[in-house]
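>>> Give me the fold of what follows.
(one chain, ligands or ions: 1)
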Amino acid sequence: MSDKILVIGSSGQIGTELVQNLRDIYGIDNVVASDVKVTEQAKEGPFEVIDVMNAQGLLEIVKRHKINQIYLLAALLSATAEKMPKFGWDLNMQGLFNVLDLAKEKIIQKIYWPSSIAVFGPNTPSINTPQFTIMEPSTVYGISKQAGERWCEYYYNKYGVDVRSLRYPGLIGWKSAPGGGTTDYAVHIFHEALKSGSYECFLSENTTLPMMYMPDAIKATIGIMHADSQKVKIRSSYNLSGFSFSPKEIALEIKKHIPNFSISYKPDSRQQIADSWPKSIDSSEAGKDWGWKPEYDLTGMTNDMLKNLKK
Ligand code: SER
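Predicted coordinates for the structure are as follows:
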């Protein structure tokens, strides 16, 4: 059977780029984009309005398009979910169940679902955080992602559902905007540097977090989905690493291109979230099992971001 893919939450930060990449591989008509409302993306190829909480509506669209793979990207991120804990939990969990159940019923064959560094918490070893370690997340988002990981593994073990997952670090890209995350500053800083030459950061200067440039995130996502099933040994979610930096360090890197750039710091409620997350991630399991290797570092990412945003 040929692949027919549905991307749910396709107009968000990851979806925008993922849909373009999947369409390059599978062809425009074989990748259906979907979000809770119609967006510009609807002009680029097949598009459906889907509320992932509506299992019946989702089933109808899956059947109509003969979908056999789903990338489920719809979620509330860390900062937004803290403001709406109940809705954050409901959306992040029910959305996942609705998709997992389609695979349990053998209506679809394969699922991609993202987890996050937010599954870790204040008691986790924060440097080179191992794959298997203390987790104890302290945010609604992190709790929902950790529970989701357990359910993915459960559906794999119990029902043979082919679900694959990565614990994304903060993602940085120029094609799309992030929404509601704690790592969003690392995208905003580039836009403000070019627009006004200064940036007020909502995290303190030495807050080091794991990050990744979007081309690497897309490569990892498609990489794990294309890996032989036996090679995907971890069915909860894989640690994934790119590079780590603090606001101070990225500001210095930007200053190499924009010497007058200045940064100031005004930490808000997101500081506490950032403080509970790892500073760096050990992704050797992903390297060993299906060959993960990042390409970009802070310097390479900064060069490429500024080059493209200037255009
Ligand atoms: N970038 C995400 C966030 O900040 C982490 O998964 O919420």
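>>> For the residue lying closest to Lys255 once chain neighbours are set aside, give me its contacts.
Leaving aside its sequence neighbours, Lys255 sits nearest to Phe261 (C-beta to C-beta, 6 or more residues apart in numbering; 5.1 Å). All C-beta spots, glycine's among them, are computed from the backbone N, C-alpha and C. Shown in contact with Phe261 (C-beta atoms under 8 Å, 6 or more residues apart in numbering): 193, 197-199, 251, 254-255.
>>> quick one: what helix or strand has the residue in the chain positioned nearest to the ligand in it?
Distances between the chain and the ligand by C-beta to the nearest ligand atom are smallest at Gly181, namely 2.7 Å. Using DSSP states H and E, Gly181 falls within no helix or strand.
>>> Next: Asp216.
Using DSSP H and E, Asp216 maps to helix 214-226.
>>> Ser34 now?
strand 31-35.
>>> returning to what we had before: pretty sure the residue of the chain closest to the ligand sits against Gly170.
Yes - with contacts counted by C-beta atoms under 8 Å, Gly181 reaches Gly170, the gap being 7.0 Å.
>>> what are the ranges of the strands in the stretch 1-150 of the chain?
5-8, 31-35, 47-49, 69-72, 110-112, 115-116 (DSSP state E, counting those that start in this stretch).
>>> for the stretch 151-300 of the chain, same thing?
With DSSP E, counting those that start in this stretch as the criterion, the stretch 151-300 of the chain has strands spanning 162-164, 166-168, 170-172, 198-201, 209-213, 238-239, 243-245, 262-265.
>>> And the ligand, is the second one touching that?
The one in question is strand 166-168. Yes - Strand 166-168 lies within reach of the ligand by C-beta under 6 Å from any ligand atom, at Tyr168.
>>> and the strand holding Ser34, average pLDDT?
What strand 31-35 shows for mean pLDDT is 98.
>>> For that strand, which helices and strands make contact with it?
strand 5-8, helix 13-26, strand 47-49 (3 or more C-beta pairs under 8 Å, 6 or more residues apart in numbering; DSSP states H and E).
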